[in-house]
Each structure stands twice: as C-alpha cells, then as structure tokens.
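*Asks:* coordinates for the following, if possible.
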Amino acid sequence: MALPASSESSRAKTGSLWGVCYWILFAAVFIWAIWQRFSLPLDPIADADTWSYLSPALRKLTGAEFGHTNGRNFLYPGFLYLILSVFGDFRAIPFAQHLLGLIAGIFFLLTWRRLRIFVPKSLVSSSLHDALGLVGATIYLVATETIRIETQLRPEGICGFLISINLYVIIQVVACCFVERRRIPALAFGIATVVSSLLLVSVRPSFGFVVIVALLPVGAFLLQRGWGREKIVLSAAAAVTAALLFLPEHFLARNDEISQTFLPTMLFVIHADLIRDQMAADLRENAKVPYSRDWLECVHATLSSEIAKSHAADPRRYPLFGFDPEFLWFNESSIAAQLRREFGKNVSGRCAFYRFYYWRTWQHRPLDELKKVARQISIYYFPRCPAYTAMKVWPLTDVYQQGLTSLDFSEYRQTTASLRMAADFMQRTTSLAHTGPVVEQPRLVRLPLRLLAASNLPWLFLALVLSAITFWRPAHWNHLRWLGVWVVFGFAYNGASCLEVAIVNSLEVYRYMTVQMYATLLTQLLALWLILEFVFAMRRQRRGGM
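*Replies:* Here you go, the predicted structure:
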C-alpha cells in the first residue's frame, strides 16, 4: 500500500533536518577537537626511543649523511627531516601530526558512511547509522590518548592517519570491485591499498601481520576471473611500491649493525625464560647442538642469573613474563651485553645463536610458547580492552620531564650544538617540565571510553557468532553477509597486530595497544551494527507472527 503524499513529504523533511543537524554536530566536534589539540603546548614529547628516530634528521640538518640509527626504518626519520627542514621548528612536528590525526577523524566518518553500501536492505535507519558513525568519530577525535600519541616523537604519532587511509581504501576496493563492479576505481583503490599497507608496515613494523590481512582484498581482486589488464597494472604498481620502500631501507641498513641484531636479540630476550628451560633440557639430555657443552653451561647459568636479577630490580615490570626483557637487553652487565662482548665482531654468529635457540624452543616447547603468546593476547581482550584509555588527568610536567631526561646525553648535545631550533626545543621543554599544564579528560569522554573498553569482548564475540550465522543460514541472512565479513575482517585486522606483538614483543608495552584504537573502535561499531540488525530483524519477525 502506497504511503500518503503528506507522509512521504514529512519523512523527507525529517531526513533533511537530520542531515543539517548531523553536519552541524560534526562541525562542532571538529572545532572541539582542533581546540583540544592546539590549546596545548606544541613542543613534542620525547622518550627513550626518540633519539633513534630523530638523529638521522638532525645529522642531515647539520651536514652529515642521513642514515639508520638503532635499526629504525628511514620513513619516520625522513618525515621528521622534511618537517624540520621546511619549518625550522620542533613545534611543527606535533602540529603536522595533529593535522593528520584530524584527517583520520574525517576518514573515520567517510569510512563508516561508505560501509552502508554493503547492507542496502538495512533495518538500521540511516539516521541511526549516521549517529553511530558520528559517535565513533567524536570519541576518536577528542579522546586524550589520541591527542597524546600525536604529540609524541614516535611513528605512532602518524599511525592513526595511516590506519585510517588503509581501512578506507580497503573498503573502497571491495565496494568498487565486488559490489559496484567499477574497474578503474577498483584498480585505483587496489593500488592505494598496496601503497598504504606497505607504508604502514614500513613506519611501524609491528603491523607486519596486519598487512597480510589488509592485502587479502587485493588477493581476491587478482584471483577473480577477467580484468586481465587491471591485474597486470596492479601487480606492477605493487612491485614498484615495494621497490621504492624496501630498497632504500636495505641499502641504509647495511651500515647499521643493530639492523641485523635487533630482531634476533628481541626474540631471544622476550622468550628468555623458555630458552633458559630449553638450554637446561639440552644440557641434561646431552643433546646435539652446534655449541660446546662448557660454553652452553656458562650461557645458561648467566641467563638464569640475569633473569632473576631483572625481576628483583623491578618486580612490577612485565608481570606476566616474570622478568624484564629490557633489562636483559639494555643493561650493560646483562646477558645481551655479555654475549655481544663474547662474540665480538662476529655479528652473524651472535644472531645465528639467538635464532637457533629461539626456533629450537618453539620446536621442543610449542605448548609453552603458545601459552605465552595466548597470555599476551589476553591482555588486549580481557577483561577490558586497553586500546581505550579513560584517564582522568594527563600531567604534562611529568612527560616533559621524562623527555628532558631521555635527551640528556652527550651525543644529542654534540649533534645539536649548531642547531638553534634544537636549543630552543630543549629550553622550552625544560620550562614545560616545571610549568606544563594538567590536561583533564572530560567525563563526557571518559564514560563512553569505559563502556567501549568493557563491552569490546562481549560485543565482538556475539558479532562473530552472528557472522557465522549469516554464512550458515544464507537463505535468511544473506543481506547481512557482507556486514559479517567486515566484522570478521576487523577482528582479524586487530588480532593480527596482537598476534605479532605477542610473538616478538609484549602487549604489556602500552603503546602497542593504544595505537590500535582506531581499528578497534571501527570494528566494535561494526559489531554493534550487526547486533542491531539481528535485534531489529527478530523484532520484525515477532511482530509478523502476532
């Protein structure tokens, strides 16, 4: 039965009014987000890793060569060099990162609106759908943790932007290729997916597993029938992008010893307790290994002693490990330093030893290793998701004092002696270490962050079950299959990052969790959307049966 003309007119007016209110609300949120960022001091916050990213840029600015420091990829140091060479002021770094963070918030909204194409027969009204996206963009834009990350002199400061671009183009390539069947846009977004994915893993290697998930739609593009020319162009673009990003990194890393030792050493110290147990078993069973028994006994005794020392030094650090891997790695009297002195210039031999016992431990103690990884992943999902930080206050004096301490060493002073901008930066940081304001996160923001942190696991679990139902009973739920696919994809996107960090590092390192807030928030809203679709569908069925 057709609706009366007056009813259709009223509905059109209501939709038009909501559209106006929607964009006014978003403009207000955006202005609030701008004020939150630029009302704070713009001097970047340094930490213990800052020198690794900053030194290549500073060396280039003082006339030396741009090169690796401590095994860090060249892209973020290159970004810092570009900003400092153009603007000549350290405050331009957070300024640029804040702008990128604001753009990420815009892409959150664009991504959410684009997702609507996958559920054309949605029972969730367009106004409710838009409202959910607006809430998500608001939380991301105004959360204190997002702003804190953008203020840091670390690659995490631009990761939110890179993730937002990556997820947007992934959704676009699937929409254009498999829903709308538009070849040229699908090709363009496919290339953008490859570029953004490789940029993301280059800037932050902890997203290596994420890139595998991110490139699955590109793989589906290449495996479909037809579209031969588009496949050739996409493959060529992927090869060129990989060459442009990885070849410079290869050549720059050749002169950086830490680039060779970084990952093997990390794997050794992160899994040190299980490696110690495997060494003990090899000694007890007189196993055939390519190292002498006397030397292995010495290494085992030293490793056991240093693990105990690391825990005694600060039992609060890495409580799930029961020891401090950073102590084993960076303390000048600990195991990594001792092995470095013992192997001397034989860097390849030292790395081979680390790799040998890491893989041997996996081969002989797979259950122990899996338990270790599972305990790490559980940090992210249970009982609350730590990607959402509902901090009440953020005292800037503390972080600027830590930044001042982290750059108070001779190499920094020597490198920056001729750079006025560096002297000004240290002078302002010294002042802010005593006079920096205390940032208070509004209660209006803290409450939804707490809700999201507490509800992430139950919502996600329920949505994954519902996603399985859309595939198990396609006759009833076929219209929700794409939404189920995106819920699974979002879970895999976050899960891949957690899995990689759980294997090679630790999710007890705070930044590995908070950097995932964007993808976690988007996935959680997708889960809520799918749940609402089922709720509304069952309510409609109940009414129809009455």
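
*Asks:* now do the domain split for the chain, please.
*Replies:* 169-255, 257-364 (automatic domain parsing).

*Asks:* which one of those domains lies nearest to Phe409?
*Replies:* With Cβ to Cβ as the measure, domain 257-364 is the member of these nearest Phe409 (13.8 Å). Every residue, glycine included, has its C-beta placed from N, CA and C.

*Asks:* any idea how far that closest one is from the middle of the chain?
*Replies:* Counting by Cα atoms, centre = their mean, to the nearest Å, domain 257-364 is centred 28 Å from the centre of its parent chain.

*Asks:* okay, now that domain: how far is its last residue from its first?
*Replies:* 30 Å (Cα to Cα, to the nearest Å).

*Asks:* and if you look at stretch 66-74?
*Replies:* 9 Å.

*Asks:* show me what counts as buried in it.
*Replies:* Phe66, Gly67, His68, Thr69, Gly71, Arg72, Asn73, Phe74 (16 or more other Cβ atoms under 10 Å).

*Asks:* same thing with stretch 358-370?
*Replies:* Tyr358, Arg360, Thr361, Trp362, Arg365, Asp368, Glu369.

*Asks:* contacting residues around it?
*Replies:* With contact meaning Cβ atoms under 8 Å, 6 or more residues apart in numbering, stretch 358-370 is reached by Pro264, Leu267, Phe268, His271, Leu274, Ile275, Asp277, Gln278, Ala281, Asp282, Val289.

*Asks:* quick one: the strands in this protein, in order.
*Replies:* 393-395, 438-440 (DSSP state E).

*Asks:* which one of those lies nearest to Ala337?
*Replies:* strand 393-395 (34.2 Å).

*Asks:* pull up the pairing partners for the closest one, direction included.
*Replies:* strand 438-440 (antiparallel) (DSSP bridges).

*Asks:* now the strand it pairs with, how far from the centre of its chain.
*Replies:* 25 Å.

*Asks:* got a list of contacts for it?
*Replies:* Here strand 438-440 has contacts from Leu40, Thr144, Ile147, Lys392, Val393, Trp394, Pro395, Leu396, Thr397, using Cβ under 8 Å, 6+ apart.

*Asks:* again, but for stretch 122-142
*Replies:* 15, 18, 22, 25-26, 29-30, 32-33, 36, 101-102, 104-106, 108-109, 112-113, 116, 146, 160, 442, 445, 448-449, 452, 517-518, 521-522, 525, 528-529, 532-533, 536-537, 540.

*Asks:* next: stretch 177-187.
*Replies:* 117-118, 172-173, 176, 190, 217, 220-221, 224, 227, 230, 233-234, 482.

*Asks:* one step back: what subset of the contacts of stretch 122-142 is buried?
*Replies:* 22, 26, 29-30, 33, 36, 101-102, 104-105, 108-109, 112, 146, 160, 445, 448-449, 452, 517-518, 521-522, 525, 528-529, 532-533.

*Asks:* returning to that earlier point: Leu54 is nearest to which of the strands of the chain?
*Replies:* Closest among these, once you apply Cβ to Cβ, is strand 393-395, at 22.6 Å.

*Asks:* what average pLDDT does stretch 199-208 get?
*Replies:* Mean pLDDT, stretch 199-208: 95.

*Asks:* same question but for stretch 287-304, I mixed them up
*Replies:* 95.

*Asks:* now it: buried residues?
*Replies:* For stretch 287-304, using 16+ other Cβ under 10 Å, the buried residues are Leu296, Val299, His300, Thr302, Leu303, Ser304.

*Asks:* ok, now stretch 371-385?
*Replies:* For stretch 371-385, burial by neighbour count (16+ other Cβ under 10 Å) applies to Lys372, Val373, Gln376, Ile377, Ile379, Tyr380, Tyr381, Arg384, Cys385.

*Asks:* same check, this time on stretch 330-348
*Replies:* Those would be Asn331, Ser334, Ile335, Ala336, Gln338, Leu339, Phe343, for stretch 330-348 by 16+ other Cβ under 10 Å.

*Asks:* which ones are touching the first one?
*Replies:* Taking Cβ under 8 Å, 6+ apart as the contact definition, Asn331 lies against Glu306, Ser310, Ala337.

*Asks:* contacting residues for the residue nearest to Ala96 when sequence neighbours are not counted?
*Replies:* Closest residue to Ala96 apart from its sequence neighbours, by Cβ to Cβ, 6 or more residues apart in numbering: Ile83 at 5.5 Å. Residues near Ile83 by Cβ under 8 Å, 6+ apart: Ala92, Ile93, Ala96.

*Asks:* residues near the last one, how many?
*Replies:* Neighbour count for Ala96, taken as other Cβ atoms under 10 Å: 19.

*Asks:* one more: the second one?
*Replies:* Neighbourhood size, Ile93 [other Cβ under 10 Å]: 25.

*Asks:* and the pLDDT at the nearest residue to it once chain neighbours are set aside?
*Replies:* With sequence-adjacent residues excluded and distances taken as Cβ to Cβ, 6+ apart, Ile93 is closest to Pro44, at 4.8 Å. Looking at Pro44, its pLDDT is 96.

*Asks:* residues in contact with Pro44?
*Replies:* Phe90, Arg91, Ile93, Pro94, Thr151, Gln152, Leu153, Gly403, Phe425.

*Asks:* distance of the third one from Asp424?
*Replies:* Same thing as Ile93. 13 Å (Cβ to Cβ, to the nearest Å).

*Asks:* what's the answer for the first one, then?
*Replies:* According to Cβ to Cβ, Phe90 and Asp424 sit 8 Å apart.

*Asks:* who's more crowded, those two?
*Replies:* Per other Cβ under 10 Å, whichever of Phe90 and Asp424 has more neighbours is Phe90, with 25 against 15.

*Asks:* the more buried one: what's it in contact with?
*Replies:* Asp43, Pro44, Leu84, Met421, Ala422, Asp424, Phe425.

*Asks:* picking that back up, of the contacts of stretch 177-187, which is the most crowded?
*Replies:* Neighbour-wise, those (other Cβ under 10 Å) top out at Gly190, 30 neighbours.

*Asks:* wait, Leu40 touches Glu150, no?
*Replies:* No - using Cβ atoms under 8 Å, Leu40 is not in contact with Glu150; the gap is 10.1 Å.
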